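K.L.:
Need a 3D model of the sequence below.
(chains A and B)
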Number of protein chains: 2
Amino acid sequence: MNIVILAGGSGTRFWPLSRKKTPKQLMSVFGGKSMLQRTVERVLPLKPERIFVVTNALQAAETERQLTDFDSDAIYVVEEPLARNTAPAIGLAAAIIERQDPTSVMVVLPADHFIRDEEEFRAALLRAEAAAVDWNLVTLGIVPTGPETGYGYIEADLFEGTQAALPVKRFVEKPPRQKAIEFVAAGNFFWNSGMFVWRTDVILDRIRTLMPELWAGLSVLDVPNCLSRLHSMNEQVTDLYGRIESQSIDYGVMEKAEGVVVLPSSFGWSDVGSWSALPELLPGDEAENVAVDASRIVSLDSGNCLVRGNDKLVALLGVHDLIVVDSGDALLVCPRERAQDVKKIVDELERQGLTEYL
Amino acid sequence: MNIVILAGGSGTRFWPLSRKKTPKQLMSVFGGKSMLQRTVERVLPLKPERIFVVTNALQAAETERQLTDFDSDAIYVVEEPLARNTAPAIGLAAAIIERQDPTSVMVVLPADHFIRDEEEFRAALLRAEAAAVDWNLVTLGIVPTGPETGYGYIEADLFEGTQAALPVKRFVEKPPRQKAIEFVAAGNFFWNSGMFVWRTDVILDRIRTLMPELWAGLSVLDVPNCLSRLHSMNEQVTDLYGRIESQSIDYGVMEKAEGVVVLPSSFGWSDVGSWSALPELLPGDEAENVAVDASRIVSLDSGNCLVRGNDKLVALLGVHDLIVVDSGDALLVCPRERAQDVKKIVDELERQGLTEYL
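P.N.:
Below you'll find the model as predicted:
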């Protein structure tokens, strides 16, 4: 098994903690280890052959630094010259793996997701690995726990509670609330986790037929030897990335390919899409105020606040449903319901030329 | 003229900036110099004979430190052994001054008030000095600019817009709103500023008749020579403070004495009673968000917030009428209308034994 961790995202919704050089996956969202480090740690018990962490030039140094915490010579950093969404990142990783081990199983994981039950997660990956051996493209579908409107859905053949992978009928974009309620009620819809398992030669074959331009570039790459860490791509990769379009693997391959199956999974999952996702994932005090780090909260007539005090004592007086995040050089205050709009603050900083805060 | 600055207050309503050792008067509420330093600076152009800053043991060191910024050998620190409200503080200062210059005029000023028009303030003190020479106890009464319920009022003979001092009819405690509206409409009510001007021998004589116990103690004091700074009081003072009761000069003398007059004054005054007082006194941005220090505010759909970012950028998203104060080791978030309750947070910290934040 080869594991590819997609760690090149540049999310802005965790500002002021997430920055261009330290996006969510490199942040210690839950205190202690970063999301990326937790993602690596979570798969190490599976003893994968190799782990490839795909990132970009801006984040490569910090990514490398964080990975040195693991005493493993099977972890490689793949540095993309440009951000081109998931399809090129996965294609590049597949091309690298293929030179070593074309029929190996390849697991693709985002670097910035929360998983509560790690044992069950690893068990799901092993089931997916088994399902991948007959040329299937396996996607992990999360059994929904509520009518979330922040996730895409995957419709499958009827789910009968078994652990078998199910043929996929269609991928559905983030739905409006009423649709989400219907999906959950129907029982054969799953959250699209962005986690995939397939044979390396199979995904490359699908890229060949569905994304021929990307494949053409990948197939002629003089892929560097993967037994040493990849600090920078060769000129061919830079050329390729300059030519190809930005495309997600979902749109580029999964929605069109044959043999796509979904593996129903339940391991306490969240994509941790914004600050407002954290209160669901972390324990709160008696007033349901949640400290992301170990900050001490003293509250009067306050509740349901999310706080990152940056080692400060945070006193809440008469406030509810508020997000308060101190990053050291910046402080964000906003209602929880506005968490999705934190990126607008980032836009505003950009507009005002306050680049030191980006 | 001798000036006595009462700097021994221990306010808690500016927590987390104000602490036991650095209460409001020692804080840089408006950035730059502290309230005490501004109070001293404000009277220096009057070239007073001596300035006495009355404080207590806990704050004496910081008070001394702040006063060394003034290159003057006419500033003395008087350290009270215990906090006993304004009457003993004023009595002690009067006893010290009396040994040097019994018929001198003595000006009493709180150390923690805001004054916008300093020229006019000094002009008012000079008018008060003139009114004090015939044995009057002069109190500066602020011509009200609105029906404030946070101030005590002084009722006087009818105010006809002249600058003459008016005989006082009565002192009124902080009124309910309806009363305050009536007072302002009546035209002969003034805010009690806590600023007094009188001859030293006159106030001591009134203390003699109205607060005989305090006077008895003061009259036998072997007052240290005031030409050197007073770092600590002698044992007699400690004895006296152990015996006398805590009493305000308003209740102990002013409300009962003969010859009390009020000098109508208008110089843009505020006692800066809580965080919520500051937005009235400081310029805001286009959304009326106010930064107490020079912190930069970036706001979207937000307004009327008071911010002290402690040199951080503060991003406000979708919040209104909020107080956000970062002191370095603590962060306060509360609605402006709850500013008076900040002391409850201090009580709570005390209850929880979090003494490092007090």
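K.L.:
Spatially nearest residue to A:Q236, not counting backbone neighbours?
P.N.:
Leaving aside its sequence neighbours, A:Q236 sits nearest to A:L221 (CB to CB, 6 or more residues apart in numbering or on different chains; 5.4 Å). All C-beta spots, glycine's among them, are computed from the backbone N, C-alpha and C.
K.L.:
Just confirm that neighbour is within a helix.
P.N.:
No - counting by DSSP: H, G, I helix; E, B strand; the rest coil, A:L221 falls outside a helix, being coil.
K.L.:
correct me, but it touches A:A95?
P.N.:
Yes - at 5.6 Å, A:L221 counts as touching A:A95 under the criterion of CB atoms under 8 Å.
K.L.:
So these two - more neighbours on which side?
P.N.:
Taking other CB atoms under 10 Å in any protein chain shown, A:L221 and A:A95 do not tie; A:A95 has more neighbours (22 against 18).
K.L.:
Let me see the contact set for the residue of the stretch 1-150 of chain A found nearest chain B.
P.N.:
Per CB to the nearest CB, A:P16 is where the stretch 1-150 of chain A lies closest to chain B, at 6.8 Å. Contacts for A:P16 (CB atoms under 8 Å, 6 or more residues apart in numbering or on different chains) come out as A:325-327, A:329-332, A:357, B:313, B:315.
K.L.:
Tell me the residues on the stretch 151-300 of chain A that lie near chain B, please.
P.N.:
Within reach of chain B by CB under 8 Å from any CB of the partner chain, the stretch 151-300 of chain A has these residues: A:296, A:298, A:300.
K.L.:
Neighbour-wise, which one of these leads?
P.N.:
A:V298 (22 neighbours).
K.L.:
Which residues does the helix or strand where it lies contact?
P.N.:
Using DSSP states H and E, A:V298 sits in strand A:297-300. For strand A:297-300, contacts defined as CB under 8 Å, 6+ apart pick out A:285, A:287, A:289, A:291, A:305, A:307, A:309, A:313-318, B:341, B:344-345, B:348-349, B:352, B:354.
K.L.:
and the next helix-or-strand element following that strand, which strands flank it?
P.N.:
With elements assigned by DSSP H and E, the helix or strand that comes after strand A:297-300 is strand A:306-308. If you go by DSSP bridges, strand A:306-308 pairs up with strand A:290-291 (parallel), strand A:322-326 (parallel).
K.L.:
Deepest-packed of the ones you listed, please.
P.N.:
Between the strands paired with strand A:306-308, strand A:322-326 has the highest mean count of neighbours, a mean of 25, where neighbours are mean count of other CB atoms under 10 Å in any protein chain shown.
K.L.:
State the mean pLDDT of that one.
P.N.:
Strand A:322-326 shows a mean pLDDT of 96.
K.L.:
C-terminal to that strand, what's the next element?
P.N.:
For strand A:322-326, the following helix or strand on the C-terminal side (DSSP H and E) is strand A:330-335.
K.L.:
which other helices and strands contact that following strand?
P.N.:
Counting contacts by 3 or more CB pairs under 8 Å, 6 or more residues apart in numbering or on different chains; DSSP states H and E, strand A:330-335 is packed against strand A:322-326, helix A:342-351, strand B:313-317, strand B:322-326.
K.L.:
Not counting its own residues, what contacts the first one?
P.N.:
Contacts to strand A:322-326, defined as CB under 8 Å, 6+ apart, come from residues A:16-17, A:275-276, A:292, A:305-310, A:312, A:314, A:316, A:331-336, A:338-339, B:312, B:319, B:324, B:326, B:331, B:333.
K.L.:
so that strand versus strand B:313-317, what angle?
P.N.:
Taking axes from the mean of the first three to the mean of the last three CA atoms, to 10 degrees, strand A:322-326 and strand B:313-317 form an angle of 160 degrees between their directions.
K.L.:
related to what we said a few turns ago, report the distance from the strand holding A:V298 to the chain centre.
P.N.:
From the chain centre to the centre of strand A:297-300 is a distance of 33 Å (CA atoms, centre = their mean, to the nearest Å).
K.L.:
for it, what is the average pLDDT?
P.N.:
For strand A:297-300, the mean confidence score works out to 96.
K.L.:
Please name the strands paired to that strand in the sheet, noting orientation.
P.N.:
For strand A:297-300, the paired strands and their directions (DSSP bridges) read strand A:313-317 (parallel).
K.L.:
What residues sit buried inside the strand or helix carrying A:Q66?
P.N.:
Following DSSP H and E, the helix or strand that holds A:Q66 is helix A:57-67. Buried residues in helix A:57-67, counted by 16 or more other CB atoms under 10 Å in any protein chain shown: A:58-60, A:62-64, A:66-67.
K.L.:
following it, which helix or strand comes up?
P.N.:
strand A:75-80.
K.L.:
Partner strands of that following strand and their direction?
P.N.:
With DSSP bridges as the criterion, the sheet partners recorded for strand A:75-80 are strand A:50-56 (parallel).
K.L.:
pretty sure A:P175 contacts A:G150?
P.N.:
No - taking contacts as CB under 8 Å, A:P175 lies outside contact range of A:G150: 10.0 Å.
K.L.:
And these two? Which one has more around it.
P.N.:
Between A:P175 and A:G150, counted using other CB under 10 Å, A:P175 has the larger neighbour count: 19 against 15.
K.L.:
which SS state does that one fall under?
P.N.:
A:P175 - assigned by three-state DSSP - is coil.
K.L.:
re the thing from before, measure the residue nearest to A:Q236 to chain B for me?
P.N.:
A:L221 is 43 Å from chain B, where distance means CB to the nearest CB, to the nearest Å.
K.L.:
and chain A, what are its domains?
P.N.:
Chain A breaks down by automatic domain parsing into domains covering A:2-270, A:275-357.
K.L.:
Check the offset of the last one from the chain's centre.
P.N.:
Between the mean C-alpha location of domain A:275-357 and the chain-wide mean there is a distance of 22 Å, by CA atoms, centre = their mean.
K.L.:
what's the span of it, first residue to last?
P.N.:
End-to-end distance for domain A:275-357, by CA to CA, to the nearest Å: 18 Å.
K.L.:
who touches stretch A:64-82?
P.N.:
A:8, A:26, A:33-34, A:36-37, A:40-41, A:44, A:48-57, A:60, A:63, A:88-89, A:92-93, A:96, A:226, A:229-233, A:237-238, A:241-242.
K.L.:
From these, which land in helices?
P.N.:
In helices, defined here by DSSP state H, the members of the contacts of stretch A:64-82 are A:36-37, A:40-41, A:57, A:60, A:63, A:88-89, A:92-93, A:96, A:237-238, A:241-242.
K.L.:
just to revisit the earlier point, if any of the contacts of strand A:297-300 are buried, give me the ChimeraX selection for them.
P.N.:
Buried residues among the contacts of strand A:297-300 (16+ other CB under 10 Å), as a ChimeraX selection:
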select /A:287,289,291,305,307,309,313,314,315,316,317,318 /B:341,344,345,349
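K.L.:
Point out where the stretch 251-358 of chain A drops to low pLDDT.
P.N.:
By pLDDT under 70, the stretch 251-358 of chain A contains no weakly predicted segment.
K.L.:
list the buried ones in stretch A:164-184?
P.N.:
Under the neighbour-count criterion of 16+ other CB under 10 Å, stretch A:164-184 has A:165-166, A:168, A:171-172, A:175, A:179-180, A:183-184 buried.
K.L.:
so what's A:I5 bridging to?
P.N.:
In this structure, A:I5 bridges to A:V53, A:L109 when assessed by DSSP bridges.
K.L.:
Next up, the contacts around the residue nearest to A:I203 when sequence neighbours are not counted.
P.N.:
Excluding its sequence neighbours, the residue lying closest to A:I203 (CB to CB, 6+ apart) is A:A94, at 5.3 Å. Counting by CB under 8 Å, 6+ apart, A:A94 makes contact with A:4, A:106, A:200, A:203-204, A:207, A:218.
K.L.:
Relative to A:A7, how far out is A:A94?
P.N.:
16 Å (CB to CB, to the nearest Å).
K.L.:
With A:D329 instead?
P.N.:
A:D329 is 24 Å from A:A7, by CB to CB.
K.L.:
Give me the more crowded residue out of those two.
P.N.:
Each of A:D329 and A:A7 has its neighbours counted (other CB under 10 Å); A:A7 has more, 31 against 14.
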